[in-house]
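Colleague: Return atomic coordinates for the entry below.
(4 chains)
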2 protein chains.
Amino acid sequence: MFSKACEYGIRASIYIGQQSANGRRVGLKDIAAEIDSPEAFTAKILQQLVRAQLVASVKGPAGGFELTPEQLRTVTLRQIVVAIDGGAMLQGCALGLPQCSAKQPCPMHYQFLPIRDQLNELLRTHTIGELASKVHEGLGFLKQFS
Amino acid sequence: MFSKACEYGIRASIYIGQQSANGRRVGLKDIAAEIDSPEAFTAKILQQLVRAQLVASVKGPAGGFELTPEQLRTVTLRQIVVAIDGGAMLQGCALGLPQCSAKQPCPMHYQFLPIRDQLNELLRTHTIGELASKVHEGLGFLKQFS
DNA sequence: TACATACCGGACAAATTTGTCCTTTAATTT
DNA sequence: AAATTAAAGGACAAATTTGTCCGGTATGTA
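Modeller: Numbers count the residues shown, from 1 in each chain, chains lettered A, B, ... in the order given. Predicted coordinates for the structure are as follows:
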């Protein structure tokens, strides 16, 4: 569905959000450990998100990553996905036709449309803050433990 | 959504199906031209589908690829997708958790479930033969032309 | 000011996906 | 049987994704 980078990006954002809701800023090492992702690679992805202003960062001692209250409230899953994977998978043709549309639809065009629409809606209507509180309440997990 | 290989595989299968419904066996060159895909790469993908017995092939002069009446009737989009991309994208967790389930769900687990179910159902309930006739009737296209 | 901390950025490396080329194998035709 | 046709298969190459490493830069502290 999403790229590895995107999966890490989403999980990281949610974890940062969860900690930010508690006033805690988190470092890269902590994040990678908590979401079970490769540290250096996660750093690259966070850089992208910071540049896209979906996540905030502070350098130096006691620095790290955080979500501002505004970001917690407004940043959606969709923005994270688009920042990392681009919009192709949320718009493109399932069969890869470059100009697939009602004008010249691929044979699955009208069948895939509602599913893609739902996916877009799903990503658009869920904020990082909302998902973070779900994790905080123990209703969702960002890594598995046995 | 799907890999390039899978997109080519689906388009190729549908084109072969459309021609087979008319009793025509088609060669690789013809297929690649009609679905606008790289010839040699398409060959590899068709080999996979032939091995998985989702497409039939005949060597030698007047040989080529075809779908048997049985294949036209029974092979589903889902079988093509699984043969090429594997089942991961049709089952795995959207956030990449290896053991995501109701036991320890990712924060999006229950939101993604219905969408994934619909996607599975969509792929499961559409046969290549059905899609081929759609193309045959001009209701769907496998490549774009202006 | 010096030092320690932690993100930033670029270069590099490994793995996977995408794509090509060429030889072999099977089938048909002459 | 020989030649021709077309898929099968293996090796290789390019591109992309995934992942690592390290010096630079900003920030806080002593």
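
Colleague: could you point out the longest helix in chain A?
Modeller: helix A:4-21 (DSSP state H).

Colleague: I'd like the next helix or strand past that one.
Modeller: helix A:28-35 (DSSP states H and E).

Colleague: wait, does that following helix make contact with DNA strand D?
Modeller: No - counting by C-beta under 7 Å from any atom of the strand, DNA strand D has no neighbours in helix A:28-35; the shortest distance is 8.6 Å. Where you see a C-beta, it was placed from the backbone N, CA and C, and this is true even at glycine.

Colleague: Whatever helix or strand comes next after that helix vs chain B: in contact?
Modeller: Next along the chain after helix A:28-35, taking DSSP H and E as the criterion, comes helix A:39-51. No - residues of helix A:39-51 contacting chain B under C-beta under 8 Å from any C-beta of the partner chain: none, with a closest distance of 12.5 Å.

Colleague: Now do helix A:39-51: everything it contacts.
Modeller: With contacts defined as C-beta atoms under 8 Å, 6 or more residues apart in numbering or on different chains, helix A:39-51 is touched by A:5, A:8-9, A:12-13, A:28-29, A:31-32, A:35, A:55-57, A:65, A:80, A:83-84.

Colleague: Span of stretch A:138-146 from start to end?
Modeller: End-to-end distance for stretch A:138-146: 15 Å, by C-alpha to C-alpha, to the nearest Å.

Colleague: no, scratch that, I was asking about stretch A:15-31
Modeller: 7 Å.

Colleague: what do you get for stretch A:118-129?
Modeller: By C-alpha to C-alpha, the extent of stretch A:118-129 from end to end equals 21 Å.

Colleague: any residue of it up close to chain B?
Modeller: Yes - contact of stretch A:118-129 with chain B (C-beta under 8 Å from any C-beta) involves A:Q118, A:L119, A:L122, A:H126.

Colleague: helices or strands up against the lowest-mean-pLDDT helix or strand in chain A?
Modeller: Ranking every helix and strand in chain A by mean pLDDT, DSSP states H and E puts helix A:88-91 at the bottom, with a mean of 91. Where contact means 3 or more C-beta pairs under 8 Å, 6 or more residues apart in numbering or on different chains; DSSP states H and E, helix A:88-91 is packed against helix A:77-85, helix A:109-124.

Colleague: Now do the shortest one, average pLDDT.
Modeller: So the one you mean is helix A:77-85. Taken as a whole, helix A:77-85 carries a mean pLDDT of 98.

Colleague: So which bits of stretch A:102-116 are buried?
Modeller: A:P105, A:C106, A:P107, A:M108, A:H109, A:Q111, A:F112, A:I115, A:R116 (16 or more other C-beta atoms under 10 Å in any protein chain shown).

Colleague: got the CA coordinates for it in PDB?
Modeller: The C-alpha coordinates for stretch A:102-116 follow below in PDB (Å, rounded to 0.1, in the frame of the first residue of the first chain):
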ATOM      1  CA  ALA A 102     -14.100   8.800 -17.800                       C
ATOM      2  CA  LYS A 103     -13.100   9.700 -21.300                       C
ATOM      3  CA  GLN A 104     -11.000   6.600 -21.900                       C
ATOM      4  CA  PRO A 105     -11.400   4.500 -18.700                       C
ATOM      5  CA  CYS A 106      -9.400   1.400 -18.000                       C
ATOM      6  CA  PRO A 107     -11.600  -1.700 -17.600                       C
ATOM      7  CA  MET A 108     -11.500  -1.300 -13.800                       C
ATOM      8  CA  HIS A 109     -11.900   2.400 -13.600                       C
ATOM      9  CA  TYR A 110     -15.400   2.700 -12.200                       C
ATOM     10  CA  GLN A 111     -14.900  -0.200  -9.900                       C
ATOM     11  CA  PHE A 112     -11.800   1.300  -8.300                       C
ATOM     12  CA  LEU A 113     -13.100   4.800  -8.100                       C
ATOM     13  CA  PRO A 114     -15.200   4.400  -4.900                       C
ATOM     14  CA  ILE A 115     -12.500   2.500  -3.100                       C
ATOM     15  CA  ARG A 116      -9.900   5.100  -4.000                       C
END
